[in-house]
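1. Turn this into a model:
(one chain, ligands or ions: 1)
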Amino acid sequence: MPGKNLSRDEAQQRASILAVEGYQVRLDVTSAPDPAAATFRSTTTVTFRCSRPGAATFLDLLAPAVHAVTLNGRAIDPATAYDGARVHVDGLAAENVLTVEADCAYSRTGEGLHRFTDPVDGETYLYTHYEPADARRVFATFEQPDLKAPFGFTVTAPAAWDVWSNAVHDKVTEEGAARTWEFAPTQPISSYLTAVVAGPYHVARDHYSRGLADGTTLEIPLSAMCRKSLAQYFDADEILGVTKLGLDFFHEEFDYPYPFGKYDQAFVPEYNIGAMENPGCVTFREEFVFRSKVTDAAYEGRANVILHEMAHMWFGDLVTMRWWDDLWLKESFADFMGSYGLIGARTRYSSAWVTFANQRKAWAYRQDQLPTTHPITADIRDLEDAKLNFDGITYAKGAAVLKQLVAYVGSEAFFEGARRYFKRHAFGNTELGDLLGVLEETSGRDLKAWAAAWLQTAGVDSLTPQVTTDAEGRITELAVLQDGTVLRPHRIAIGLYDRDADGSLVRTERIELDVTGNRTVVAEAAGRPRPALVLLNDDDLTYCKIRFDSESLETLRTGLGDIHDELARALAWSAVWNLTRDGLMPARDYVALVLRFAGQEGNIGVLQSLHAQAKTAVDLYADPAWRGEGGRQLADGALRELREAVPGSDHQLAWARFLAQTAGGAEHLGLVRGLLAGSARIDGLDVDQELRWSLWLALAAAGQAGDEELAGELAADNTASGKRQYTQCLAARPTAEAKAAAWSAVVDSDELPNALVEAQIAGFALPAHRDLTALYAAPYFKLLERVWAERTIEIAMRIVSGFFPRAQTSEQTLAEADAWLDGHPQAAPALRRLVLECRDDLARALRAQACDRA
Ligand SMILES: [Zn+2]
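-> Numbering: from 1, shown residues only. The predicted model follows:
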């Protein structure tokens with residue numbers, strides 16, 4: 001489609017001549033409950049100035065039909081003005097009023113105005129999601145972050161519904177079966193940040209108030225909503241409790257009153273991402289409303305997201321990046337604030353930095369070693385580039401690097417810099433230099449070299465200790481070796497660990513220093529007794545992969561679980577996982593560590609990531625000849641730990657789920673069936689609805705779930721979640737027919753909504769079914785370009801990544817991937833990037849397998 005992929009150059013050109021004064025957007029969604037109605041009426045009036053009268057410009061719009069275009073009272077024929085992606089107008093005046101009347105489409109992919117009908121009660125729900133550029137699926141707009149303007153929304157909806165937007169509603173008028181909601185104009189914001197949520201949502205309301213320095217009181221009405229059929233599970237008190245702690249904390253840290261009036265948080269169905277920071281109207285994936293027991297890691301994760309989105313109200317919404325190159329400005333900051341805020345706001349999630357070190361950074365390490373990695377400040381040529389850049393570099397590495405920056409300049413200078421940044425750039429747009437500028441002011445340090453090393457280069461460094469000792473076992477020299485494509489300045493702490501009287505490994509010394517270049521001698525360590533374990537980057541101040549000297553590694557093999565401090569232990573777990581991924585530790589050795597020590601891992605989030613990693617180690621990184629044995633060991637371990645776990649504990653639930661993921665033999669599957677039937681019991685384990693589906697998935701994947709049994713489970717749980725899991729179970733059956741049906745449902749039709757595309761792919765692609773899915777490798781490479789051209793980018797990304805034959809870990813699959821890449825140099829760069837990344841994962845798996853075989 002011409003013009004769908006807006007480029008940075010076009011955006012710059014448009015911003016250079018235009019200043020937008022405001023939008024009036026009228027939406028009529030009264031047709032939404034009728035499944036036969038595919039579209040809704042959308043009318044935009046935008047008022048803007050042009051510094052070059054006579055010039056031409058365009059509005060972005062993705063709509064099935066445009067009925068009328070009027071510029072300054074002059075009617076323009078839509079047939080000539082609209083090309084399917086842009087409304088072109090010329091002959092601009094200095095002051096312009098442009099009106100576009102269109103029919104826009106209800107979305108089933110989570111992009112634009114998403115429509116969902118609840119199978120439980122037949123109610124219909126709507127919400128919008130736009131980032132980076134899908135507001136144009138709902139109304140005509142200048143779709144770029146630096147053309148900020150006040151937006152005034154008017155929404156006509158069924159009379160029984162409520163409607164929310166970024167601002168409060170001024171007026172609601174009822175006419176027949178419809179009500180019209182007029183919202184106050186927003187503050188000047190970017191188009192991707194606007195939002196509408198509409199439907200018969202269940203609402204919980206609360207209020208936050210705070211005295212300000214000028215003697216006035218800031219009043220913020222709060223609400224949280226979800227579908228009516230989820231109301232019984234909605235723990236709004238917990239959500240709003242975290243919200244209030246966050247508002248206290250960010251007001252103290254940022255010294256800038258929350259600028260968007262009220263604060264609504266909507267938990268919405270079939271949401272593509274975790275959450276979105278629409279000012280005053282944040283949207284979250286509704287899986288954060290827990291229908292069944294989840295571990296505390298899930299509550300912590302949700303609280304982290306609440307604070308992440310709240311931080312964006314200042315960093316991202318009040319001050320916004322000029323173009324998507326600087327997406328990291330807001331995402332790195334918010335990602336850092338999610339963890340920092342959990343501690344600072346005194347929530348009950350005191351292990352937030354452990355989770356960050358162990359899980360969030362794993363995302364960054366993976367992404368940063370792909371051939372497609374990029375500097376934190378990226379070069380984003382167009383919207384397709386932008387879409388792919390919501391990645392582990394922009395979020396997790398950026399946040400880790402900000403954590404390092406805080407260690408480097410001190411938290412006082414860092415937050416004083418943030419405060420100045422908000423005041424100086426309120427309601428404006430910024431670039432990297434604007435942030436560095438305030439930080440240089442407040443820290444008194446020249447940050448150009450730091451920024452060049454950390455923000456403008458790609459890749460992760462490895463730090464390795466080198467220890468020499470004398471005859472008495474004293475350290476003669478401890479050096480830190482740095483290895484990487486770029487050698488960076490690292491502020492790190494080094495922990496020296498020994499066994500205490502109880503046998504725990506505890507820190508006996510902490511040395512903090514700057515590491516630069518390829519070898520740094522730690523003068524302070526000389527003369528000390530050689531410790532059992534040297535842990536670099538203790539306290540997780542910097543972003544690097546840590547390695548070990550041979551003696552420390554031996555200590556971990558026999559005693560990793562004995563490390564007393566949970567952050568240090570999490571760092572050790574991360575390090576041995578990186579060794580495994582890098583083909584430096586055999587996968588079976590990693591599995592052995594997990595089987596030996598996971599049972600004593602106290603941190604539930606770390607335990608769950610150990611489960612996922614051990615499964616990956618067996619499925620992808622182990623010698624295929626050992627895979628069966630490895631799988632049996634994991635299932636045996638899961639069963640043993642499940643029986644030993646404290647009844648009713650999070651750990652017990654995590655082990656039960658792990659058993660469901662690994663069960664293969666008769667004994668394990670027999671227990672799974674018994675738990676479902678109620679003939680087997682594990683003391684304290686509540687086999688609730690979500691756990692039931694996990695157990696059914698295990699049986700389905702083993703070919704032991706009958707069609708009628710699965711249909712019976714769906715009948716008992718005929719909900720959105722039930723439908724998803726039922727779909728996944730069907731696709732997970734080990735038959736050629738089941739795989740063909742799943743493949744076809746995704747590839748041959750665009751009828752499926754995003755959530756069911758995901759479920760089909762997840763069931764189809766189980767690694768254990770690699771023999772059944774092998775014949776789809778060749779068709780996969782043939783369909784890539786068609787999928788990219790025909791599907792929305794969100795769905796295309798899922799198909800390209802989800803159906804890549806990742807379980808076919810062979811040189812032949814690697815050659816097929818290379819052949820496609822060699823044969824398609826002109827394919828869309830974003831598509832090539834996805835294939836390159838999957839190809840690299842495959843090559844990594846082959847290297848790890850070679851290590852495991854050796
Ligand atoms: Zn974010």
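2. who in this structure is up against the ion?
-> Residues of the chain lying near the ion by Cβ under 5 Å from the ion: Glu331, Ala334. C-beta here means a position set from N, CA and C on the backbone, and glycine is covered the same way.
3. Check which helices and strands the lowest-mean-pLDDT helix or strand in the chain is in contact with.
-> In the chain, no helix or strand scores lower on mean pLDDT, DSSP states H and E than helix 383-388, which sits at a mean of 89. Secondary-structure packing of helix 383-388 (3 or more Cβ pairs under 8 Å, 6 or more residues apart in numbering; DSSP states H and E): helix 793-802, helix 829-853.
4. which residue sits closest to the residue of the stretch 501-650 of the chain at minimum distance from the ion, ignoring its sequence neighbours?
-> For the stretch 501-650 of the chain, the residue closest to the ion is Tyr543, as judged by Cβ to the ion, at 18.7 Å. Excluding the flanking residues, the one nearest Tyr543 by Cβ to Cβ, 6 or more residues apart in numbering is Ala400, at 3.9 Å.
5. how many other residues sit next to that neighbour?
-> Ala400: 28 surrounding residues under other Cβ atoms under 10 Å.
6. which stretch of helix or strand covers it?
-> Assigned by DSSP states H and E, Ala400 belongs to helix 398-409.
7. How about Val687?
-> Judged by DSSP H and E, Val687 forms part of no helix or strand.
8. any idea how far the closest residue to it other than its chain neighbours is from the ion?
-> Of all residues not flanking Val687 in the chain, Leu675 sits nearest, at 5.2 Å (Cβ to Cβ, 6+ apart). In this view, Leu675 and the ion are 38 Å apart by Cβ to the ion, to the nearest Å.
9. Distance check, Leu675 against Gly722.
-> In this view, Leu675 and Gly722 are 18 Å apart by Cβ to Cβ, to the nearest Å.
10. how many neighbours does the residue of the chain found nearest the ion have?
-> Going by Cβ to the ion, the ion is nearest to Ala334 of the chain, at 4.3 Å. Neighbourhood size, Ala334 [other Cβ under 10 Å]: 25.
11. Contacts only, for the residue nearest to Asp717 when sequence neighbours are not counted.
-> In this structure, Asp717 finds its nearest non-sequential neighbour in Gln689, 5.5 Å apart by Cβ to Cβ, 6+ apart. Gln689 makes contact with Arg291, Ser292, Asp717, Ser721, Gly722, according to Cβ atoms under 8 Å, 6 or more residues apart in numbering.
12. The stretch 1-150 of the chain: strands as residue ranges?
-> For the stretch 1-150 of the chain, strands defined by DSSP state E, counting those that start in this stretch occupy the ranges 18-28, 39-50, 57-60, 65-71, 74-76, 86-89, 95-105, 112-117, 124-129.
13. what residues does the next helix or strand after the last one touch?
-> Same thing as strand 124-129. Per DSSP H and E, the first helix or strand lying C-terminal to strand 124-129 is strand 151-158. Strand 151-158 is contacted from outside by 22-30, 32-33, 163, 165-167, 177-186, 189, 191, 194, 196, 198, using Cβ under 8 Å, 6+ apart.
14. same thing but at 7 Å, please
-> For strand 151-158, contacts defined as Cβ atoms under 7 Å, 6 or more residues apart in numbering pick out 22-30, 33, 163, 165, 177-183, 185-186, 189, 194, 196, 198.
15. chain center to that strand, what's the gap?
-> Centroid separation between strand 151-158 and its chain, computed with Cα atoms, centre = their mean, to the nearest Å, is 30 Å.
16. Direction included, what does the following helix or strand past that strand pair against?
-> Going down the chain from strand 151-158, the next helix or strand is strand 162-165, by DSSP H and E. Sheet pairing for strand 162-165, assigned by DSSP bridges, gives strand 196-199 (antiparallel).
17. Just the buried positions in stretch 457-476, please.
-> Within stretch 457-476, the residues that count as buried by 16 or more other Cβ atoms under 10 Å are Thr457, Ala458, Val460, Asp461, Ser462, Leu463, Thr464, Pro465, Val467, Ile475.
18. Where do the helices of the stretch 601-750 of the chain begin and end?
-> Assigned helices in the stretch 601-750 of the chain, in chain order: 604-616, 624-644, 650-662, 666-677, 689-701, 707-716, 720-731, 736-747 (criterion: DSSP state H, counting those that start in this stretch).
19. Tell me the buried residues in the second one?
-> Translated: helix 624-644. Neighbour-count burial for helix 624-644 [16+ other Cβ under 10 Å]: 626-627, 630-631, 633-639, 641-642.
20. Also the last one?
-> Of the residues in helix 736-747, those buried under the neighbour-count criterion (16+ other Cβ under 10 Å) are Ala738, Lys739, Ala741, Ala742, Trp743, Ala745, Val746, Val747.
21. can you list contacts of the helix or strand Tyr340 falls within?
-> If you go by DSSP H and E, Tyr340 is part of helix 327-344. For helix 327-344, contacts defined as Cβ under 7 Å, 6+ apart pick out 246, 249, 303-305, 307-308, 311-312, 315-316, 321, 349-350, 352-353, 356, 376-377, 389, 394-396, 398-399, 401-403, 430, 432, 435.
22. Among the contacts of strand 151-158, name the buried ones.
-> Counted by 16+ other Cβ under 10 Å, the contacts of strand 151-158 give 23-30, 33, 163, 165, 178-183, 185-186, 189, 194, 196, 198 as buried.
23. pLDDT below threshold where in the protein?
-> Scanning the chain with the threshold set as pLDDT under 70 gives 1-2.
24. in it, what residue sits furthest out from the centroid?
-> Largest separation from the mean C-alpha position in the chain: Ala471, at 51.6 Å (Cα atoms, centre = their mean).
25. does it sit in a helix, a strand or a coil?
-> Of the three states, Ala471 takes coil under DSSP: H, G, I helix; E, B strand; the rest coil.
26. Pull out the buried positions in stretch 671-688.
-> Under 16+ other Cβ under 10 Å, the buried positions of stretch 671-688 are Leu671, Val672, Arg673, Leu675, Leu676, Ile682, Leu685, Val687.
27. could you dump these to TSV with distance to Arg530?
-> Formatted as TSV, the buried residues of stretch 671-688 follow (distance: Cβ to Cβ, whole Å):
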residue	distance to Arg530
Leu671	47
Val672	49
Arg673	54
Leu675	50
Leu676	54
Ile682	45
Leu685	46
Val687	51
